[in-house]
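>>> could you work out the structure for the sequence below:
(2 chains)
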Protein chains: 2
Amino acid sequence: MGVIVKLYEYIQDLVAERPEVFLAFALVLCVQLRILGTRTPTYESQSFKNSTLAADIQEAGAAVDDEVADADHSEEPEEHVPYQPIRYTEQEMVERSRAHYTLMNNRRSVRDFSTEDVPREVIDNIIRVGGTGPSGAHTEPWTYVVVRSAEKKREIREIIEAEEKVNYARRMGEKWVDDLSHIGTTWSKPYLEECPYIIIVFKSAHSKNPDGSKKIHYYHEISSSIGVGFLLGAVQNAGLCSVTTTPMNAGPKLRAVCGRPESEKVLVLLPVGYPRSDATVPDLHRKPLNDIMVVV
Amino acid sequence: MGVIVKLYEYIQDLVAERPEVFLAFALVLCVQLRILGTRTPTYESQSFKNSTLAADIQEAGAAVDDEVADADHSEEPEEHVPYQPIRYTEQEMVERSRAHYTLMNNRRSVRDFSTEDVPREVIDNIIRVGGTGPSGAHTEPWTYVVVRSAEKKREIREIIEAEEKVNYARRMGEKWVDDLSHIGTTWSKPYLEECPYIIIVFKSAHSKNPDGSKKIHYYHEISSSIGVGFLLGAVQNAGLCSVTTTPMNAGPKLRAVCGRPESEKVLVLLPVGYPRSDATVPDLHRKPLNDIMVVV
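All right, here's what the predicted structure looks like:
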């Protein structure tokens, strides 16, 4: 049972961090099943009907569902306390909801950052807001690394640009084989050094219980991503900007720069600061309400 | 190449929706690799060095990284427009960030809902805010189903309670085999009928380009989850409450109730409304800033 949970976690991380390795495994699996299907037609039923194996899988599946059926569910019942938040009038609610939509609809992903500094308390409060998000069984599976040091920002830029160069060269091979000279700047990310802060959000699949036993963070990716939504809302509320990036292959190197343990994986990297006075954004538009909402 | 991408998507969905089936496959894979490792030691190098296969895997990996390295990246360069959002003074920023943290820190997951109705425009604006989230290559991979009909809410409650009963019975078997009688109400979710609205968030792994070709939504789960963070912020801002639930095994049935296509998967289910006047919440606390933030 423990082995299965560990295997499952490992594969989840593999899908997230090294999809190409995972693809290789998946292909081998497909090839194998086919080969075995031809050579020994009873293989599949033999495997799946092995009683111990099947029972273990069933149990692992049940345990996962059980834990996550309710995101805040926990084994030990907690004391309950009354909850009476602020109650607005209907008119206030409508006005607040309009103002909040206007605020959030003005958010854009920005890559042109000013080098101006930002009050540190604002950054702290933005991180605090990220920490108020819901999480499966209240496991709070996130770590926010705030990169302030110019040296660290330079290292991060180098790591990400090196990966981007590889990506870019490969794409070029496909699309513009004859002319590599026009696109020398696209892998360049000067904003990673220009912005006053970079926030790297790490998610962890497990931690330790007070008794030293392993605490599994089911749904750590969904929980941590919802937390990123909270954090980006706080960035926007403060009049700052960011761009949500997923520097996939750079994860282990970024983790090393940040000095985080192997149990933590990079989820997103967010430069944070003021937009430069000449900042521009792509002229993209959002889907209208009727394209994203269905009422039943 | 297309086959590989499809396979990758299929496995991603399998991991998300049917982890037990995926576990079975993964175990077979492990067993197979071991068997083959013993019987034909050259198998692994043969497979991985097959030039066409290896090239396909490489290419698929590169394509994924390329697309998602920058969340808003798109193949066709868009027109750019100036971006100059509101600029607050430092004092205003600090005050806004404190007020926003106070607002968000008051949020709790609530299961005790009032049956009072909520102005429909508030719900619409909450959904609009969900639609302002960032997404990989601006694919907006979300659909928000707003469940208003009492009949649909009853069906949803039945589906989820049926799953919870199974989960609960299994857990009971493990933990309190001798006494099943004390816990007759825990799988019960009356709030699913009492709340005025249920919002079910669907994520989709792909859609169609205008030319009919398939558009892959890389990182659709992270993007959609960030959108859930935006939406929950809007719920809190309006003075309403919710609880973030992940009704995993109930996905296909919930999709049927909502009339959504198979390409859309349930991400979370959010009852939305006012807390009941006697609402309580577990006496949980959040990690302090120093436990979630690291400055480098």
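>>> can I assume A:Ala291 sits in a strand?
Rather than Ala, residue A:291 is Asp. No - A:Asp291 is assigned helix when assessed by DSSP: H, G, I helix; E, B strand; the rest coil, not a strand.
>>> neighbours around it, how many?
Look at A:Asp291: counted by other Cβ atoms under 10 Å in any protein chain shown, it has 11 neighbours. No exception for glycine: its C-beta is placed from N, CA and C like everyone else's.
>>> and A:Leu267, by the same measure?
26.
>>> and what of A:Thr102?
Applying other Cβ under 10 Å, we find 12 residues neighbouring A:Thr102.
>>> next one: A:His100
Counted with other Cβ under 10 Å, A:His100 comes out at 22.
>>> swap in the one 4 residues further on?
When counting by other Cβ under 10 Å, one arrives at 23 neighbours for A:Met104.
>>> distance check, it against A:Ala205.
Between A:Met104 and A:Ala205 the computed distance is 30 Å (Cβ to Cβ, to the nearest Å).
>>> can you show me the strands along chain A?
Here chain A has its strands, by DSSP state E, at A:80-82, A:142-147, A:197-204, A:206-208, A:214-216, A:241-242, A:264-273, A:280-282, A:293-295.
>>> just these: most buried one?
strand A:241-242 (a mean of 29; mean count of other Cβ atoms under 10 Å in any protein chain shown).
>>> does that one reach chain B?
Yes - on the criterion Cβ under 8 Å from any Cβ of the partner chain, strand A:241-242 is in touch with chain B at A:Cys241.
>>> what's in contact with that strand?
A:107-110, A:113, A:199, A:232, A:235, A:270-275, A:279, B:83, B:85 (Cβ atoms under 8 Å, 6 or more residues apart in numbering or on different chains).
>>> how about A:Leu270, what does it touch?
A:198-201, A:228, A:231-232, A:235, A:242-245.
>>> adding distance to B:Lys189 and pLDDT, write these out as TSV.
Converted to TSV, the contacts of A:Leu270 look like this (distance: Cβ to Cβ, whole Å; pLDDT from 0 to 100):
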residue	distance to B:Lys189	pLDDT
A:Ile198	42	98
A:Ile199	36	98
A:Ile200	37	98
A:Val201	32	98
A:Val228	28	98
A:Leu231	30	98
A:Leu232	31	98
A:Val235	35	98
A:Ser242	37	98
A:Val243	39	97
A:Thr244	34	97
A:Thr245	38	95
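>>> show me which of those is closest to A:Arg170.
A:Thr245 (18.6 Å; Cβ to Cβ).
>>> end-to-end on stretch A:286-296?
End-to-end distance of stretch A:286-296: 23 Å, with Cα to Cα, to the nearest Å as the criterion.
>>> who touches it?
Here stretch A:286-296 makes contact (Cβ under 8 Å, 6+ apart) with A:105, B:124, B:127-128, B:130-132, B:140, B:142-149, B:152, B:257-260.
>>> and the residue of the stretch 101-250 of chain A closest to chain B?
Residue nearest to chain B within the stretch 101-250 of chain A: A:Gly229 (1.7 Å; Cβ to the nearest Cβ).
>>> check contacts around that residue.
Contacts of A:Gly229 by Cβ under 8 Å, 6+ apart are A:133, B:133, B:225-233.
>>> also A:Glu193?
A:150, A:153-154, A:157.
>>> again, only using 10 Å
Listed by Cβ atoms under 10 Å, 6 or more residues apart in numbering or on different chains, the contact partners of A:Glu193 are A:113, A:115, A:150, A:153-154, A:156-158, A:271.
>>> A:Ser277 too?
Applying Cβ under 10 Å, 6+ apart, one finds that A:Ser277 lies in contact with A:112, A:114, B:82, B:84, B:87.
>>> mind putting those residues into a markdown table with pLDDT?
Below are those laid out as a markdown table (pLDDT from 0 to 100):
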| residue | pLDDT |
| --- | --- |
| A:Asp112 | 96 |
| A:Ser114 | 98 |
| B:Pro82 | 97 |
| B:Gln84 | 91 |
| B:Arg87 | 96 |
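>>> which of the residues you listed are buried?
The neighbour-count test (16 or more other Cβ atoms under 10 Å in any protein chain shown) marks A:112, A:114 as buried among the contacts of A:Ser277.
>>> on that earlier part again, next one, pLDDT for the residue of the stretch 101-250 of chain A closest to chain B please.
At A:Gly229, the pLDDT value in this model is 98.
>>> state the distance from it to A:Glu221.
From A:Gly229 across to A:Glu221, the span is 13 Å (Cβ to Cβ).
>>> mutual contacts of those two, please.
Taking Cβ under 10 Å, 6+ apart as the criterion, A:Gly229 and A:Glu221 both touch B:222, B:225.
>>> picking up where we left off before, so which of the contacts of A:Glu193 are in helices?
Within the contacts of A:Glu193, residues falling in helices by DSSP state H are A:150, A:153-154, A:156-158.
>>> A:Tyr219 and A:Gly229, how far apart?
A:Tyr219 is 15 Å from A:Gly229, by Cβ to Cβ.
>>> over to A:Ser188?
A:Ser188 sits 29 Å away from A:Gly229, going by Cβ to Cβ.
>>> now do A:Tyr218
Computed as Cβ to Cβ, the A:Tyr218 to A:Gly229 distance reads 19 Å.
>>> now A:Pro190: closest residue in space, sequence neighbours ignored.
Leaving aside its sequence neighbours, A:Pro190 sits nearest to A:Arg157 (Cβ to Cβ, 6 or more residues apart in numbering or on different chains; 7.6 Å).
>>> also A:Leu254?
A:Val266 (5.2 Å).
>>> state the pLDDT value of that neighbour.
Per-residue confidence (pLDDT) for A:Val266: 97.
>>> which residues does it contact?
So A:Val266 contacts A:16-17, A:145, A:200-203, A:246-248, A:250-255, A:258, A:260 (Cβ under 10 Å, 6+ apart).
>>> now that we have those, which of them are buried?
Using 16+ other Cβ under 10 Å, the buried ones in those are A:16, A:145, A:200-203, A:246-248, A:250-251, A:253-255, A:258, A:260.
>>> closest to B:Gly212 among the residues you listed?
Nearest to B:Gly212 among these, with distances taken as Cβ to Cβ, is A:Thr246, at 27.8 Å.
>>> I figured the closest one hits A:Leu254, correct?
No - using Cβ atoms under 10 Å, A:Thr246 is not in contact with A:Leu254; the gap is 11.3 Å.
>>> mutual contacts of these two, please.
Listed as contacting both A:Thr246 and A:Leu254 by Cβ under 10 Å, 6+ apart are A:266, A:269.
>>> report the beta-bridge partners for the residue lying closest to A:Arg148 once chain neighbours are set aside.
Ranked by Cβ to Cβ, 6+ apart and with sequence neighbours excluded, the top spatial neighbour of A:Arg148 is B:Val295, at 5.7 Å. Assessed by DSSP bridges, B:Val295 has beta-bridge partners A:Val146.
>>> swap in A:Trp142?
Per DSSP bridges, residues listed as beta-bridge partners of A:Trp142: A:Lys203.
>>> ok, it to A:Glu92 distance?
A:Trp142 sits at a distance of 32 Å from A:Glu92 (criterion: Cβ to Cβ).
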